[in-house]
Structures are given as structure tokens and as C-alpha cells.
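A.B. asks: dropping the sequence and predicted coords here.
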Amino acid sequence: MQKEVVERRKWMTAEDFTQSVGIGTLTPGPIFFGAAVFVGYRLRAIPGAIVCALSTLLPSFILVVAISALYIAVEASPILTATVNGIAAGVAGLLASVVLKIARSTMKGLWGGILVGLTFVALAFFNIDPLVLIIGAALAGAWLLRPTPPLQETEN
């Protein structure tokens, strides 16, 4: 989605797209869906959001229904099991790539990198609720990553 929206069509800047992903994390459901709806809204207001929502949901829904019917018919097949495992590995690689791109674009300086690292450790090793981490990261980001006002010169 980032390649299409930012690089190919240039509808948004990379920073704007990163914000759409941030909005996507705050909405219920998959991040991709929330980000797509936000991009549609930024481009064409409510009609754009509706079109993006439908065009994101309908193909997946139709595909899942079709694959489910096929899967039930041949679920014991070793070839199907191997195929599903291969797809899962590929999806994990795609997700890792997306996470790396988002992390690079959001790590603003040392504090941004520390915040990314601490959030990862808290989730991966301490099983802290993701909602708590998102709220904590938002508060820490507002405090640590806030713009600093320029120094004003005093008259002597």
C-alpha cells in the first residue's frame, strides 16, 4: 500500500502515510484497513473512505469464502498443508518488511529508537497489553519527541 500511495502515485508523503498507519492502529480491526480508510478520507473525504473500505473488504471476503469452501473439501491433503505453511511464512516475511519500514520512518532520533526498542521488548518478552503500549508510547512520544521552540535572544 505504501509503494502505491507514496512512491508510485505520490498521493501522500511518507510521513503522512506513517500517520495513516498510526491512525490504523487506533481503530478496531486490521491496521491495513484503518490506514486504507484514512488514506481514502484524506484524498476524497467520506466518499473516498467508503470506496477504500469496500475495496479493501470485499475482495478479501469473497476470496476467504471461496477458499474456505475449497479447504473443507480437501483439508486432509498434505500438499494443502504444506502450501498453507508456505503462505504463512511468506506473510510473516512481508509483515517483518512492513514493520522495518515503519520503524525506520518513525524513529526520530535517539529517543524514537529507544521508544521503538522498549515497546518491542515490552510486547515480545513481557506480554504487556498492546493497548497499554500504544497509550504509553503516545504519551512518551508527546513528551520525548515534541518539537522544541527556538531559543529567543534577549536584548542587553
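C.D. replies: Arrived safely.
A.B. asks: ok, and what's touching the helix or strand of the chain with the lowest mean pLDDT?
C.D. replies: Every helix and strand of the chain was ranked by mean pLDDT, DSSP states H and E. The lowest is helix 14-26, at a mean of 80. For helix 14-26, the external contacting residues (CB atoms under 8 Å, 6 or more residues apart in numbering) are 2, 5-6, 12, 30-36, 38-39, 42, 102, 105-106, 134. Placement of C-beta: from N, CA and C, glycine included.
A.B. asks: for PyMOL, what selects the buried ones among these?
C.D. replies: Filtering the contacts of helix 14-26 down to the buried ones (16 or more other CB atoms under 10 Å) takes a single PyMOL command:
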select buried, resi 2+5+6+12+31+33+34+35+36+38+39+42+102+105+106
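A.B. asks: tell me what angle the longest helix along the chain forms with helix 14-26.
C.D. replies: Ranked by residue count under DSSP state H, the longest helix found in the chain is helix 31-74. Orientation check (axes from the mean of the first three to the mean of the last three CA atoms, to 10 degrees): helix 31-74 against helix 14-26 gives 60 degrees.
A.B. asks: right, and the helix or strand after helix 31-74?
C.D. replies: Using DSSP states H and E, the next helix or strand after helix 31-74 towards the C-terminus is helix 78-106.
A.B. asks: ok, Phe120 - how many residues close by?
C.D. replies: Applying other CB atoms under 10 Å, we find 13 residues neighbouring Phe120.
A.B. asks: please report how far it lies from Ser77.
C.D. replies: Distance, Phe120 to Ser77, using CB to CB, to the nearest Å: 37 Å.
A.B. asks: how about Ala142?
C.D. replies: 52 Å.
A.B. asks: who has more neighbours out of these two?
C.D. replies: Neighbour count, other CB under 10 Å: between Ala142 and Ser77, Ser77 has more, with 12 against 9.
A.B. asks: pLDDT wise, what is the more buried one at?
C.D. replies: Ser77 carries a pLDDT value of 83.
A.B. asks: who touches it in this structure?
C.D. replies: By CB under 8 Å, 6+ apart, the contact set of Ser77 is empty.
A.B. asks: list phi and psi for it.
C.D. replies: phi -70, psi 130 (degrees, to the nearest 10).
A.B. asks: mind checking how far it is from Ile114?
C.D. replies: Separation of Ser77 from Ile114 (CB to CB) stands at 48 Å.
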